[in-house]
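Asks: Quick check, what structure comes out for this input:
(one chain, ligands or ions: 1)
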Amino acid sequence: MTATLRATAQSDIPALTKLLARVYKFDPSDFHSNPRLLEWKYLCRRTGWDGSRSYVLERDGEIVAHGGVCPVTFRLPKGGTVSSLTIMDWAADPSSPGAGLMLYRKLMEMAPTSFVIGGAPVTRQIIPRIGFRRAGDALTYAGWLRPWREFRTRPRNGRSVLRLLHGLAHPVHIRRGLSEPWEFVSVSEFDDSLQPILNGARRTWTFCQRTVADLNYLLQCPHLKMRGFLLRRQGLPGGYFVLGKSDWETRLLDWVVDSDDMSDWKLACAAVTNAALLDPEACRIRVLSTLPILSQALAWNGYWCQYKEPIALHDPGDALGRAFPVSFQLFDGDSGY
Ligand SMILES: CC(C)(COP(=O)(O)OP(=O)(O)OC[C@H]1O[C@@H](n2cnc3c(N)ncnc32)[C@H](O)[C@@H]1OP(=O)(O)O)[C@@H](O)C(=O)NCCC(=O)NCCS
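Replies: Residues are numbered from 1 along each chain as shown. Reported below is the predicted structural model:
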């Protein structure tokens, strides 16, 4: 019998949970297959996509493959936009060879371009064969906030002491006085006053477009303790950022500094660090950087590059020919939650 592709419905969540747990060999308590997280990821409304963002391939009434879509709209420096997507929670039952690849190809057809940041070893092996090409690197930076606390909080292993020594030797730089022109204000949700910043007129590179609704959707992520902040420069709107916390780790899921000036990014990054430090349980902060200006701001604040992953792009119509580097954030995929 042929396989059919359909959008996942609420009633499919238990079967999807089981498929993901079986294929990825998750422990039943693993958050990745938590139904609440899957509902938020795929069934809660998001701008830029109609209906469910999760798709299954079904054969004889059985789900044999799954792929979830994270929709992205690239805003180009000259003002045009290009739709794109990245696929999350890609899984296929080994008893249906090729089902995973078939579904992946069908999801790729849903947008003119698609991208993969990093990806599991199997994904990295397969995607060059289906038209993806390397389009740059994504750097993951980390900043030590409280290495001693992290050492005491996390289960000990062979790396714990080395990690502690590294953390004590390379703490983030706390620049309270310097970052004064840049302040942060905590918000329970974002509102339309952010719109001029989201329009991105001052950003001279390609970025993933956001709406106020996108940011408020992010704040609802059930897996992390989420906090939203506005950035102000000398009292005027200057950007925003969203922090999410999972146990000892804080993640900068999304941020924008409404400037292309390096010193603004450095001082705004200092303000982000100060906001992260307000949480007494925060031990470390993780940030994705795909832009030199952001990497330099992070390094100036004492963050270190923990690892580098390839960015792969499928762009058959060359819509993004001159668009890279693109500013991606942890929100553009699911590696932050
Ligand atoms: C990735 C996955 C969805 C692919 O599903 P599928 O297309 O049904 O899988 P298949 O076993 O038919 O493999 C498809 C192709 O990938 C290749 N492949 C499969 N596993 C591989 C691996 N670990 N490394 C390299 N290539 C691999 C196969 O050889 C096959 O190539 P071929 O057509 O030339 O023979 C499935 O292997 C899976 O669920 N893996 C575990 C979950 C995972 O790691 N997901 C990706 C991270 S998001």
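Asks: could you pull out the strands for this protein?
Replies: Remark: strands assigned in the chain by DSSP state E are 4-7, 54-59, 62-75, 81-92, 113-117, 133-144, 182-187, 206-208, 225-233, 236-246, 249-257, 284-289, 304-314, 326-327.
Asks: Taking the chain, what residue is nearest to the ligand?
Replies: Nearest residue of the chain to the ligand, counting by Cβ to the nearest ligand atom: residue 100, 2.1 Å away. Bear in mind the C-beta positions are built from the backbone N, C-alpha and C, glycine included.
Asks: Local confidence estimate at that residue?
Replies: pLDDT, residue 100: 97.
Asks: Ok, the one 10 residues further on next?
Replies: What the model reports for residue 110 is a pLDDT of 97.
Asks: contacting residues around it?
Replies: By Cβ atoms under 8 Å, 6 or more residues apart in numbering, residue 110 lies in contact with 69, 85.
Asks: ok, it to residue 176 distance?
Replies: Distance of residue 110 to residue 176, given as Cβ to Cβ, to the nearest Å: 47 Å.
Asks: any low-confidence regions in the stretch 1-150 of the chain?
Replies: For the stretch 1-150 of the chain, residues meeting the criterion pLDDT under 70 lie at 1.
Asks: Show me which residues of stretch 166-173 are buried.
Replies: 167, 172 (16 or more other Cβ atoms under 10 Å).
Asks: Can you list the neighbours in contact with that stretch?
Replies: By Cβ under 8 Å, 6+ apart, the list of residues contacting stretch 166-173 from outside reads 143-145, 147-148, 150-151, 270, 273, 284-285, 300-304.
Asks: Report the buried members of these.
Replies: Among the contacts of stretch 166-173, the ones that count as buried by 16+ other Cβ under 10 Å are 143-145, 147, 150-151, 270, 273, 284-285, 300-303.
Asks: mind listing which of those are in helices?
Replies: Among the buried ones among the contacts of stretch 166-173, DSSP state H puts 147, 150-151, 270, 273, 300 in helices.
Asks: Quick check: residue 51 touching residue 9?
Replies: No: if you go by Cβ atoms under 8 Å, residue 51 and residue 9 don't touch, sitting 9.5 Å apart.
Asks: ok, the closest residue to residue 241 other than its chain neighbours - how many residues close by?
Replies: Spatial nearest neighbour of residue 241, excluding adjacent residues (Cβ to Cβ, 6 or more residues apart in numbering): residue 255 at 3.6 Å. Look at residue 255: counted by other Cβ atoms under 10 Å, it has 22 neighbours.
Asks: same question, the one 10 residues further on
Replies: Around residue 265 there are 24 other residues, counting by other Cβ under 10 Å.
Asks: that older thread, and the furthest pair within the buried ones among the contacts of stretch 166-173?
Replies: Farthest-apart pair in the buried ones among the contacts of stretch 166-173 is 151 and 300; separation 25.9 Å (Cβ to Cβ).
Asks: the domain parsing of this structure - what is it?
Replies: With domains defined by automatic domain parsing, the chain comprises 4-111, 139-327.
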